[in-house]
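A.B. asks: this one's sequence-less:
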(Lines give C-alpha, C1' and ligand atoms only; values in the text may rest on other atoms or scores of the structure.)
Protein backbone atom coordinates (compact mmCIF):
# COMPACT_ATOMS: atom_id res chain seq x y z
CA UNK A 1 0.00 0.00 0.00
CA UNK A 2 1.28 3.47 -0.91
CA UNK A 3 1.54 5.77 2.12
CA UNK A 4 2.23 9.48 2.58
CA UNK A 5 2.80 11.22 5.89
CA UNK A 6 2.80 15.00 6.22
CA UNK A 7 4.60 15.84 9.46
CA UNK A 8 5.20 19.02 11.44
CA UNK A 9 8.65 18.69 13.04
CA UNK A 10 10.84 20.77 15.34
CA UNK A 11 14.59 20.21 14.98
CA UNK A 12 17.81 21.86 16.09
CA UNK A 13 19.89 23.53 13.37
CA UNK A 14 22.24 20.53 13.38
CA UNK A 15 22.07 18.04 11.76
CA UNK A 16 21.40 19.74 8.44
CA UNK A 17 18.37 19.14 6.27
CA UNK A 18 20.34 17.07 3.77
CA UNK A 19 21.49 14.61 6.44
CA UNK A 20 17.96 14.41 7.86
CA UNK A 21 16.51 13.70 4.41
CA UNK A 22 19.17 11.06 3.64
CA UNK A 23 18.55 9.36 6.98
CA UNK A 24 14.79 9.25 6.37
CA UNK A 25 15.42 7.83 2.87
CA UNK A 26 17.24 4.90 4.53
CA UNK A 27 13.97 3.72 6.11
CA UNK A 28 12.72 0.55 4.42
CA UNK A 29 10.01 1.39 1.86
CA UNK A 30 10.63 5.15 1.63
CA UNK A 31 10.63 6.39 -1.97
CA UNK A 32 10.58 10.16 -1.48
CA UNK A 33 11.34 12.70 1.25
CA UNK A 34 10.50 16.38 0.89
CA UNK A 35 11.41 18.90 3.60
CA UNK A 36 10.23 22.50 3.72
CA UNK A 37 11.42 24.98 6.35
CA UNK A 38 8.45 26.77 7.87
CA UNK A 39 10.17 28.90 10.49
CA UNK A 40 13.66 29.47 11.92
CA UNK A 41 14.74 30.83 15.27
CA UNK A 42 18.13 31.00 16.99
CA UNK A 43 18.29 27.33 17.98
CA UNK A 44 15.58 25.43 16.09
CA UNK A 45 13.77 25.06 12.80
CA UNK A 46 10.11 24.18 12.25
CA UNK A 47 9.78 21.86 9.29
CA UNK A 48 7.06 20.33 7.15
CA UNK A 49 8.17 16.88 6.05
CA UNK A 50 6.41 14.80 3.41
CA UNK A 51 7.45 11.14 3.41
CA UNK A 52 6.16 8.81 0.70
CA UNK A 53 6.62 5.11 0.22
CA UNK A 54 5.27 1.60 0.48
CA UNK A 55 3.94 0.14 3.76
CA UNK A 56 5.54 2.85 5.90
CA UNK A 57 5.33 2.78 9.69
CA UNK A 58 4.83 6.07 11.53
CA UNK A 59 6.45 4.49 14.61
CA UNK A 60 9.62 3.72 12.66
CA UNK A 61 9.69 7.22 11.19
CA UNK A 62 9.31 8.86 14.62
CA UNK A 63 12.06 6.63 16.05
CA UNK A 64 14.44 7.77 13.29
CA UNK A 65 13.45 11.40 13.86
CA UNK A 66 14.16 11.01 17.59
CA UNK A 67 17.68 9.73 16.83
CA UNK A 68 18.22 12.98 14.89
CA UNK A 69 17.01 15.07 17.90
CA UNK A 70 13.80 15.99 16.08
CA UNK A 71 10.43 16.29 17.81
CA UNK A 72 7.16 15.40 16.12
CA UNK A 73 4.69 18.24 16.70
CA UNK A 74 1.84 16.79 14.68
CA UNK A 75 0.80 14.48 11.90
CA UNK A 76 -0.96 16.95 9.61
CA UNK A 77 -2.12 14.52 6.96
CA UNK A 78 -2.00 10.82 6.15
CA UNK A 79 -2.76 9.34 2.73
CA UNK A 80 -3.17 5.63 2.03
CA UNK A 81 -3.53 4.49 -1.57
CA UNK A 82 -3.97 1.05 -3.04
CA UNK A 83 -1.11 -0.03 -5.26
CA UNK A 84 -1.84 -0.29 -8.98
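C.D. replies: Happy to help now that I have it. What you see is a predicted model, and the numbers here were worked out from it, not measured in a lab.

A.B. asks: from here on, just use CA atoms for contacts and neighbour counts.
C.D. replies: OK.

A.B. asks: any idea which helix or strand carries the residue nearest the centre of the chain?
C.D. replies: Taking C-alpha atoms, centre = their mean as the criterion, residue 49 is the residue nearest the geometric centre of the chain, at 4.5 Å. Using DSSP states H and E, residue 49 falls within strand 44-54.

A.B. asks: buried residues, that strand. List them.
C.D. replies: 45, 46, 47, 48, 49, 50, 51, 52, 53, 54 (16 or more other C-alpha atoms under 10 Å).

A.B. asks: what are the pairing partners of that strand, and which direction each?
C.D. replies: Here strand 44-54 is paired, per DSSP bridges, with strand 2-12 (antiparallel), strand 30-40 (antiparallel).

A.B. asks: tell me the average confidence for the first one?
C.D. replies: It stands for strand 2-12. Model confidence over strand 2-12 averages 97 on the pLDDT scale.

A.B. asks: what's the following helix or strand after it?
C.D. replies: Strand 2-12 is succeeded, C-terminally, by helix 17-25 (DSSP H and E).

A.B. asks: compute the inter-axis angle for that following helix and strand 30-40.
C.D. replies: Here helix 17-25 runs at an angle of 140 degrees relative to strand 30-40 (axes from the mean of the first three to the mean of the last three C-alpha atoms, to 10 degrees).

A.B. asks: residues in contact with helix 17-25?
C.D. replies: 30, 31, 32, 33, 34, 35, 61, 64, 65, 68 (C-alpha atoms under 8 Å, 6 or more residues apart in numbering).

A.B. asks: just the buried subset of these, please.
C.D. replies: 30, 33, 35, 61, 64, 65, 68.

A.B. asks: from these, which two are the most distant?
C.D. replies: 30 and 68 (17.2 Å; C-alpha to C-alpha).

A.B. asks: picking up where we left off before, closest to residue 11 out of the contacts of helix 17-25?
C.D. replies: Distances from residue 11 to those, taken by C-alpha to C-alpha, are shortest for residue 68, at 8.1 Å.
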